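> starting from these lines, generate the structure:
(one chain, ligands or ions: 2)
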Amino acid sequence: MHDDPRTHLAAAARDFYARGWMLGTAGNLSARRDTDAFWITASGRPKDRLDAGDFVLVDRCGQVVQAPPGRRPSAEVALHEVVYRHVADARVIFHVHSVEANLCGHFAQQGRLRLPALEMLKGLGVPDAEPRVDLPVFANHVNVARIAEEMDAAFTSAQPRIPGVLIHHHGVTAWGSDFLAARHHLELLEYCFRYLVQAKALAIGV
Ligand SMILES: CSCCC(=O)C(=O)COP(=O)(O)O
Ligand SMILES: [Zn+2]
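Ligands and ions are numbered 1, 2, ... in the order given. All right, here's what the predicted structure looks like:
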């Protein structure tokens with residue numbers, strides 16, 4: 001069972017909970033089972049103690065294929081569905097709510113957050129010597145379908161350059177071709193957020 005994606009998702013959730021990124025049931029995680037379906041955390045579950053009964057299998061449209069009794073998929077399953085539909089090599093998606101991600105939403109301009117020109121960006125697939133890269137920032141809506149529509153429209157007009165997006169006043173979503181890549185992408189984005197918050201506090205232009 002150790003290769004069951006649910007085991008890896010539960011371990012990732014414990015790790016992110018310990019870092020303060022998934023407190024109070026915040027966030028959701030998913031992993032593709034195959035091209036037709038993905039496992040996603042059930043809605044409203046505490047992320048420090050997930051087990052196999054806390055995951056729902058949904059099809060590529062986000063419709064339930066298999067759910068433990070009393071469980072329904074994350075309320076934000078539509079956001080995962082949009083990423084899997086547009087990003088062919090995304091197999092794992094992590095959505096977390098960190099303090100720094102939410103602070104950085106305030107630094108965005110016209111729906112984009114300029115990331116600091118750090119060597120670390122190479123880990124997000126940006127090899128440029130002096131990178132000028134923006135993270136897309138979407139408005140938060142109570143109606144998650146509306147966020148999904150806006151992400152869908154943005155990804156239809158241009159494929160995301162880096163493996164993540166920010167939702168203002170909400171949290172960050174990062175993805176990768178496997179568990180390790182998704183975790184690295186999330187960690188690198190969170191590093192950028194911490195850097196930006198501290199640079200702002202020190203009045204350093206980035
Ligand atoms: C307390 S977090 C509010 C909902 C949210 O943004 C989230 O990430 C968790 O929602 P889910 O339905 O996946 O539990
Ligand atoms: Zn959320």
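
> can you give me the strands for the chain?
Listed in chain order, the strands of the chain (DSSP state E) span residues 28-34, 37-41, 55-59, 64-66, 92-96, 112-114, 134-138, 164-167, 171-176.

> ok, residue 139 touching residue 165?
No: taking contacts as C-beta atoms under 8 Å, residue 139 lies outside contact range of residue 165: 11.6 Å. Quick note: C-beta positions are derived from backbone N, CA and C, even for glycine.

> ok, the nearest residue to residue 145 once chain neighbours are set aside - contacts?
Residue nearest to residue 145 in three dimensions, not counting chain neighbours: residue 78, with 5.8 Å by C-beta to C-beta, 6 or more residues apart in numbering. Residue 78 makes contact with 62, 144, 145, 147, 148 under the criterion C-beta atoms under 8 Å, 6 or more residues apart in numbering.

> taking those residues, tell me the two that lie furthest apart.
62 and 147 (13.5 Å; C-beta to C-beta).

> hey, which helix is longest across this protein?
Longest helix in the chain by number of residues, with DSSP state H as the criterion: helix 179-201.

> ok now it, how far from the chain's centre?
Relative to its parent chain, helix 179-201 has a centroid offset of 12 Å by C-alpha atoms, centre = their mean, to the nearest Å.

> elements contacting it?
Applying 3 or more C-beta pairs under 8 Å, 6 or more residues apart in numbering; DSSP states H and E, one finds that helix 179-201 contacts helix 5-18, strand 92-96, helix 99-104, strand 164-167, strand 171-176.

> between those, which one is nearest to residue 194?
When these are ranked by proximity to residue 194, the top entry is helix 99-104, at 5.0 Å, counting by C-beta to C-beta.

> what residues does that closest one touch?
With C-beta under 8 Å, 6+ apart, helix 99-104 has contacts from 20, 113, 166, 169-172, 189-190, 192-194, 196-197.

> quick one: that helix to chain centroid distance?
If you compare the mean C-alpha spot of helix 99-104 with that of the full chain, they lie 14 Å apart, counting by C-alpha atoms, centre = their mean.

> same deal with stretch 152-169?
For stretch 152-169, the separation from the chain centroid amounts to 11 Å (computed by C-alpha atoms, centre = their mean).

> what does stretch 102-113 give?
16 Å.

> got the buried residues for it?
Residues of stretch 102-113 classed as buried under the neighbour-count rule (16 or more other C-beta atoms under 10 Å) are 102, 104, 105, 108, 113.

> list the residues that contact the closest residue to residue 6 other than its chain neighbours.
What sits nearest to residue 6 in space, not counting adjacent residues and going by C-beta to C-beta, 6+ apart, is residue 55, at 4.6 Å. Residues in contact with residue 55 (C-beta under 8 Å, 6+ apart) are 6, 9, 39, 40, 41, 42, 68, 71.

> just name the closest of these to ligand 1, please.
Looking at the contacts of residue 55 and their distance to ligand 1, the nearest is residue 41, at 5.8 Å (C-beta to the nearest ligand atom).

> just give me the neighbour total for that closest one.
As a burial measure, residue 41 scores 28 neighbours (other C-beta atoms under 10 Å).

> pretty sure it is touching residue 9, no?
Yes: in this structure, residue 41 is within contact of residue 9 by C-beta under 8 Å, at 6.8 Å.
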